[in-house]
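Trainee: Generate a structure from the sequence data that follows.
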Amino acid sequence: SQMAGIRSLRGGRVVLFLATGLVLILFGLRLMASLHVNVLWFQSVGYENVLWRRLAWSWGTRGLVGMLVGALLFLNLRLVARTLGAIQIKRRFGDLEIAEQLPRSYILWGAAGFSALVGLWFGGSVVDGVGIQTLLATSAPAWGLQDPVFARDLSFYVFRLPLLRTAITVAMVVMFLVFTVCLGGYTATGALRWGRRSLMMGALPRVHLGVLVATFLCLIAVRLWIGRYLLLLYGSSEV
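Mentor: Next up, the predicted model:
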């Protein structure tokens with residue numbers, strides 16, 4: 001009776017797919033309705049081109065961040081997959097048990113799917129203001145006024161510095177995430193393990209994790225380097 005109950009759940013896939021499709025359709029219709037209202041309002045005031053430019057930079061920034069994060073994570077997971085041995089799946093047919101080796105392509109497709117989900121999450125978490133900041137940082141003209149300490153144009157502190165600080169912070173979070181995922185992957189594959197009262201790892205995990213740590217330290221160095229500009233901007237000096 002338990003096996004019959006489990007088999008009866010297979011028919012629920014159709015219902016699950018239909019429910020997922022219905023939710024996606026409703027969500028898409030909601031976005032289209034909101035976009036239609038915004039287009040009508042901007043057309044009424046004569047600034048429709050401003051709306052399309054704003055949407056292009058906003059969604060373009062989200063897409064770029066998502067693709068970069070997904071590609072970076074996938075490239076690192078490919079290195080982790082090299083240390084993974086053959087995986088066997090056991091299937092039982094009556095009294096006969098058969099062991100089948102899982103193709104490595106399945107592992108790569110799984111890593112690609114996981115990387116895509118993480119990239120989609122990071123891209124979706126980018127707020128609209130980042131796209132506007134990117135637009136201003138790339139197109140804002142110089143003001144012709146310089147600070148008395150570093151001789152930087154004041155537009156740098158208003159448009160480029162906040163975007164640079166946000167980018168470095170996001171890059172540090174992404175690198176820490178990639179390092180954590182790769183560390184867990186090497187531990188799962190056995191390339192990184194504790195034995196003989198010491199930490200044992202192969203050549204590939206040592207170099208790979210070392211590069212990730214070095215990159216993270218470089219990002220910290222860049223963050224400290226721009227700290228002087230942030231101190232001048234947010235400090236308590238008369239400047």
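Trainee: Contact partners for Leu120?
Mentor: Leu120 makes contact with Gly66, Gly70 under the criterion CB atoms under 8 Å, 6 or more residues apart in numbering. Using the backbone N, CA and C atoms, a C-beta is placed for each residue, glycine as well.
Trainee: Please, where are all the helices along this protein?
Mentor: All helices of the chain, identified by DSSP state H, fall at 2-8, 12-45, 48-82, 104-124, 128-139, 154-155, 161-189, 203-225, 227-234.
Trainee: what sits up against the shortest one?
Mentor: If I follow you right, that is helix 154-155. Residues outside helix 154-155 that contact it (CB under 8 Å, 6+ apart) are Ala140, Pro141, Ala142, Trp143, Leu145, Gln146, Asp147.
Trainee: Would you format the helices of the chain as a markdown table with mean pLDDT and distance to Arg196 included?
Mentor: Compiled in a markdown table, the helices of the chain are given as follows (pLDDT from 0 to 100; distance: least, CB to CB, whole Å):
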| stretch | mean pLDDT | distance to Arg196 |
| --- | --- | --- |
| helix 2-8 | 50 | 45 |
| helix 12-45 | 83 | 49 |
| helix 48-82 | 89 | 23 |
| helix 104-124 | 86 | 29 |
| helix 128-139 | 86 | 49 |
| helix 154-155 | 90 | 59 |
| helix 161-189 | 90 | 17 |
| helix 203-225 | 92 | 16 |
| helix 227-234 | 85 | 43 |
